[in-house]
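> Sequence and predicted structure below; questions after.
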Amino acid sequence: MKRISLVLSLSLFFLQIVKSQDSLEKFKSYKIVVNQVMPGSLTKSVVKGYFATIQDSALYVSGSKIGMSFNHMNTEYLQKIDYKTLTSVKLYDHSKSPMTMLFCMVGGAAIGAIIGSLGGNDTGWFGLTSGEKAFFGGLIGVGAGALVGTIIVNSGDKKFLINGEWTSLEEMKESLKNDR
C-alpha cells in the first residue's frame, strides 16, 4: 500500500511539472510595416515582415512568421533596423480576422433576413413576398456585417511614431510588453 501511494504521489508531482512546462508564455505574432529614412539622405524605404523583438537601440524583423519575444533571441538571421532610421512602425494582429469576418457576415445576414421577412407580403406591381424581402435583407446584412467585421479586425492594429527618437522606441517596447 505504501508503494502505491508513493507511486501516485510521484505521478502527481510529475504531472504537475509537465503541466507547468506546457504553460510557458506564448507571444503574439504581428505582421509589421516599418517606414524608415536612411541617414544622410532623404531616401525612404519600407520594410515588411513579422515583428521579432526590440533590443536597446534596434528593432528586428523576420521574413517568416515568428512570435515576438523580449527575452534573449538569436538575431543573427533577422533584419536589424536602427532606431535612428525609423519614422513609423505599424503592427497588424489579424490572427483571428477570418473567424471575426465570418461571424459578422453570418450575423448580419441572419439579422437582415429576419428584418426582411417581418415585412410580410406586398401586393401590386412591385410587390415582394416575405421570402424575397428576407433574401434581399440577408444580402444587405452580409454587406453590413463585412463592414462591421472590417472595423473590428482593424481596431487591433497599432501604429507607433518613432521619428528617430530612442524614447519613442522604448515607449513602443513597454506598450508591447503590457499587451502580451
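Cool, the structure landed.

> So which elements touch the lengthiest helix in the chain?
Ranked by number of residues, the top helix in the chain under DSSP state H is helix 130-154. Under the contact definition 3 or more CB pairs under 8 Å, 6 or more residues apart in numbering; DSSP states H and E, helix 130-154 sits against helix 97-117. No exception for glycine: its C-beta is placed from N, CA and C like everyone else's.

> Now the helix it packs on: buried residues?
Neighbour-count burial for helix 97-117, counted by 16 or more other CB atoms under 10 Å, picks out 97, 100-101, 104-105, 107-109, 111-113, 116-117.

> List just the nearest of those residues to residue 167.
The closest of these to residue 167 turns out to be residue 97 (CB to CB; 32.2 Å).

> Distance of the residue nearest to that closest one when sequence neighbours are not counted relative to residue 65?
Excluding its sequence neighbours, the residue lying closest to residue 97 (CB to CB, 6 or more residues apart in numbering) is residue 153, at 4.3 Å. Relative to residue 65, residue 153 is positioned 18 Å away (CB to CB, to the nearest Å).

> tell me the average confidence for stretch 42-56?
Averaging pLDDT along stretch 42-56 yields 84.

> who's in contact with it?
With contacts defined as CB atoms under 8 Å, 6 or more residues apart in numbering, stretch 42-56 is touched by 29-38, 59-66, 68-70, 73, 75, 78-79, 81, 87, 91, 169, 172-173, 176.

> Look up how far residue 178 lies from the residue nearest to residue 134 when sequence neighbours are not counted.
Using CB to CB, 6+ apart and skipping the chain neighbours, the partner closest in space to residue 134 is residue 117 (3.9 Å). Noted for residue 117: a distance of 47 Å to residue 178, by CB to CB.
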